[in-house]
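# sequence plus the predicted model coming up.
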Amino acid sequence: MRLPSDSLAPMANAIRALSMDAVEAANSGHPGMPMGMADVATVLWGEYLRHDPAAPDWADRDRFVLSAGHGSMLIYSLLHLSGYARPTIEDIRNFRQLGSPCAGHPENFLLDGVECTTGPLGQGLAMAVGMAVAERHLNAGFGDGLVDHRTWVIAGDGCLMEGINHEAIGLAGHLKLGRLTVLWDDNRITIDGSTALSTSEDIEARYRATGWHTVRCDGHDFDDIRRALDEALADPRPTLVACRTVIGKGAPNKQGTSATHGAPLGKDEIAAARKALGWDHPPFEVPQDIRDEWRKAGECSAKAHKSWQERLATNSERDEFTRRMEGDLPAGFSLAEHISGLLASPQKIATRKASELALGALNPLLPDTIGGSADLTGSNNTKAGGIGPLTDENYGGRYIYYGIREFGMAAAMNGMALHGGVIPYGGTFMVFTDYCRPAIRLSALQETRVIYVMTHDSIGLGEDGPTHQPIEHLQSLRMIPNLLVMRPADAVETAECWEIALAEKTRPTVLALSRQNLPQLRTSADGNPSGRGAYRLKQAENARKVILIASGSELSLAVECAAQLEARGVGADVVSMVCTQLFDEQDAAYRADILPDVAPEEILRVSVEAGTTFGWDRYTMTHGLRFGIDRFGASAPAEDLFVKFGLTADAIVPQILKHLNA
């Protein structure tokens, strides 16, 4: 569709007016980017983007990502003008106010048409890479008739400066994701002032070096914008379009300066902008003829959507495609048979190996999964079940070699999950969750089903030493809302954790897995007790005086401690704390049964985990005992380290007895 030439400027000015009015009303926000990119966005949304405001969840729509999320009024204006049900003009009037879906930065769970939550710069572009991967993968499986769309990104200077940009574009170029187009708002301004203050790199050369196609355009010349977008569509490589723009375009005294970046323009400048733009309409008022042009643009893909629906209705794989896009697991999906096999033949193996066994069972049953690792496949044990690599020659593969790109991997997995149709999981060492953390946080905020396979989860990794030994990591991850951190103790619990993670459609999961071999403690399965977060593995034989609470590799240590205590006539329960978040969600009666609310002199609670003791008083109470490591580790064989840090039954039991006899 080509918009009438005389309609383009008024349509773009409607974006400018709504953006400066909303920021002014809120006395907070970023008007400069929406005003500067209004012309580019008008051409993109009016003539190129395939979407249907009447059906925001159309599976084969183009994905649009506003990576420069601080310019959120750009997407709010586009959604409103194009005919989406929300935001309404009242929502926009209440920009950045409590209860309005027009949050300071776009949030995918508040508005249809916002594909992902952005604001932390660079992550939007990296998530778009994941969306482009998912599109090509699903196309390989279901064909052009059902999956044939593009991914578009508007990114700013900050998105391109962030380190994750290097990781993301390297992966996209390597995989030749030619349906990905990034529109760079090349306004050469950051909050501090000119970009010349902080950078002198040749960004286009950097992109070309990673396998991208690049093209430039005048971001305020509609014909030149079209030329650049047409060139992008014609090239088989991912494309960076450098759109030379003026930040705050239309504000005569402030445009082109950092004054328009992150603050309201002020009433006088808005009045001057209205005059310069020829926009003589009251705040938040868009003339009907301009609205009509925007609605026509918004409706231009309705016919394509209808044709797609007709193809879907007659496609032999309709039900499978629909199931996958809705995020449902196959009917009857279960790892019960795998777990039965584990119970029949107990094994002493590392939980990372147990995870590999679980993947070997689930991947053949679940075509939705796309696995991967940040160059640690052989250590994370993430490639199992007969899945092959996803490459530029085989997008149907189900395993991505991410290279040493932990942050890029995590953000790409978010994009895949948000796209729909796939369930991504990826691995690295637990200590490198520090590299992934901003994306893990966004996984939780965006309610994505992403599974992080984090191995080598304690000093049990041994000789690599304190740089690689997690101490604070488990507890710091447990602090993130809406994130499940599961630390299984043996092969059975590991399989149960995989079942839980796969069933969580709106929560990401971190699986904390051991390097060292662990005994299989579970000898029976009644449902999935790990799903309760914590459960009683062993009940006291003598009168109960102690409850030992442990996770992962320390659960077997707790069992040893309990045996020594029982031999001395002290009854001890052993509780497996697989996931604190799930345990906290249980009803009060269950929690009281596992951890009775009695005086510490009646029952002493003791936690054992090879990590920081910080936070464990939540379960031991202040008068309980907490065994862990509140310093950095050391380089030595694992068994020597557990002795050094007092994480042995011979070191723990005397302290428990001393406390009981005090």
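That came through fine. Note that the coordinates shown come from a computational prediction; the quantities given were computed from them, not determined experimentally. Numbering: from 1, shown residues only.
# rest of the way, CA atoms for contacts and neighbours
Will do.
# tell me where the stretch 1-150 of the chain has helices.
Per DSSP state H, counting those that start in this stretch, the stretch 1-150 of the chain carries helices over the ranges 5-26, 32-36, 38-43, 72-82, 89-93, 123-142.
# deepest-packed of the ones you listed, please.
Compared across these, helix 32-36 shows the largest average neighbour count, a mean of 32 (mean count of other Cα atoms under 10 Å).
# distance between that helix and the chain's centre?
27 Å (Cα atoms, centre = their mean, to the nearest Å).
# same question for stretch 200-208.
27 Å.
# can you list the buried residues in it?
Ile203, Glu204, Tyr207, Arg208 (16 or more other Cα atoms under 10 Å).
# of those residues, closest to Gly415?
Tyr207 (20.5 Å; Cα to Cα).
# residues in contact with the strand or helix carrying that closest one?
According to DSSP states H and E, Tyr207 maps onto helix 203-209. Contacts to helix 203-209, defined as Cα atoms under 8 Å, 6 or more residues apart in numbering, come from residues Leu160, Ile169, His213, Thr214, Leu240, Ala242.
# equivalent analysis for stretch 278-295, please.
Under Cα under 8 Å, 6+ apart, the answer for stretch 278-295 is 7, 10-11, 13-14, 17-18, 21-22, 46, 81-83, 89, 93, 274.
# how about the CA coordinates for it, as PDB?
C-alpha atoms of stretch 278-295 as PDB (Å, rounded to 0.1, in the frame of the first residue of the first chain):
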ATOM      1  CA  GLY A 278       1.000  23.800  11.100                       C
ATOM      2  CA  TRP A 279      -0.800  21.800  13.800                       C
ATOM      3  CA  ASP A 280      -3.400  24.200  15.100                       C
ATOM      4  CA  HIS A 281      -5.400  21.600  17.100                       C
ATOM      5  CA  PRO A 282      -5.900  21.400  20.900                       C
ATOM      6  CA  PRO A 283      -3.900  18.900  22.900                       C
ATOM      7  CA  PHE A 284      -4.800  15.300  22.300                       C
ATOM      8  CA  GLU A 285      -7.100  16.200  19.400                       C
ATOM      9  CA  VAL A 286      -6.400  14.500  16.000                       C
ATOM     10  CA  PRO A 287      -8.600  15.700  13.100                       C
ATOM     11  CA  GLN A 288     -10.900  13.100  11.700                       C
ATOM     12  CA  ASP A 289      -9.500  13.100   8.200                       C
ATOM     13  CA  ILE A 290      -6.000  12.300   9.600                       C
ATOM     14  CA  ARG A 291      -7.600   9.600  11.800                       C
ATOM     15  CA  ASP A 292      -9.300   8.200   8.700                       C
ATOM     16  CA  GLU A 293      -6.000   7.900   6.800                       C
ATOM     17  CA  TRP A 294      -4.400   6.100   9.700                       C
ATOM     18  CA  ARG A 295      -7.400   3.700  10.000                       C
END
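# using PDB, write out every CA atom in the helix holding Tyr207.
The C-alpha trace of helix 203-209 is given here as PDB (Å, rounded to 0.1, in the frame of the first residue of the first chain):
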ATOM      1  CA  ILE A 203      28.600   1.500  13.200                       C
ATOM      2  CA  GLU A 204      27.700   0.600   9.700                       C
ATOM      3  CA  ALA A 205      31.100  -1.000   9.200                       C
ATOM      4  CA  ARG A 206      30.600  -3.000  12.400                       C
ATOM      5  CA  TYR A 207      27.300  -4.300  11.100                       C
ATOM      6  CA  ARG A 208      28.700  -5.200   7.700                       C
ATOM      7  CA  ALA A 209      31.600  -7.000   9.400                       C
END
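# gap between that helix and the chain center?
27 Å.
# report the mean per-residue pLDDT for it.
Regarding helix 203-209, the rounded mean pLDDT is 98.
# now the element after that helix, going C-ward?
Next along from helix 203-209, by DSSP H and E: strand 213-218.
# paired strands for that next one, with orientation please.
Taking DSSP bridges as the criterion, strand 213-218 sits next to strand 239-244 (parallel) in its sheet.
# chain center to the partner strand: distance?
Worked out by Cα atoms, centre = their mean, strand 239-244 lies 26 Å from the chain centre.
# what about it, average pLDDT?
Rounded mean pLDDT across strand 239-244 is 98.
# give me the neighbour count for Gln655.
Counted with other Cα atoms under 10 Å, the neighbours of Gln655 add up to 13.
# for the remainder of this discussion, apply numbering that starts at 47.
Done: numbering now begins at 47, and the last item shifts to Gln701.
# what does the pLDDT read for it?
Looking at Gln701, the pLDDT reads 98.
# any idea how far the one helix or strand it maps to is from the chain center?
Assigned by DSSP H and E, Gln701 belongs to helix 695-707. With Cα atoms, centre = their mean as the basis, helix 695-707 stands 43 Å off its chain's centre.
# check contacts around Thr256.
Ile215, Gly216, Gly219, His220.
# pick the one among these closest to Asp686.
Once Cα to Cα is applied, the member of these that ends up nearest Asp686 is Gly216, at 41.2 Å.
# what about the closest one, distance to Trp258?
9 Å (Cα to Cα, to the nearest Å).
# higher neighbour count, those two?
Trp258 (26 against 22).
# what residues are up against the more buried one?
If you count contacts by Cα under 8 Å, 6+ apart, then Trp258 has Gly219, Arg283, Pro284, Thr285, Leu286 around it.
# same question for stretch 60-78, mean pLDDT?
According to the model, stretch 60-78 has a mean pLDDT of 98.
# can you list contacts of that stretch?
With Cα under 8 Å, 6+ apart as the criterion, stretch 60-78 contacts 80-81, 84, 116-120, 123-124, 138-143, 150, 293-296, 301, 306-313, 316, 320, 325, 329-330, 332, 336.
# most surrounded residue in the contacts of Thr256?
Ile215 (26 neighbours).
# which outside residues touch stretch 288-305?
So stretch 288-305 is contacted by 62, 77-83, 86, 229-233, 235-240, 250, 260-266, 271, 306-307, 311, 315-316, 318-320, 322-323 (Cα under 8 Å, 6+ apart).
# ends of it, how far apart?
End-to-end for stretch 288-305, by Cα to Cα: 22 Å.
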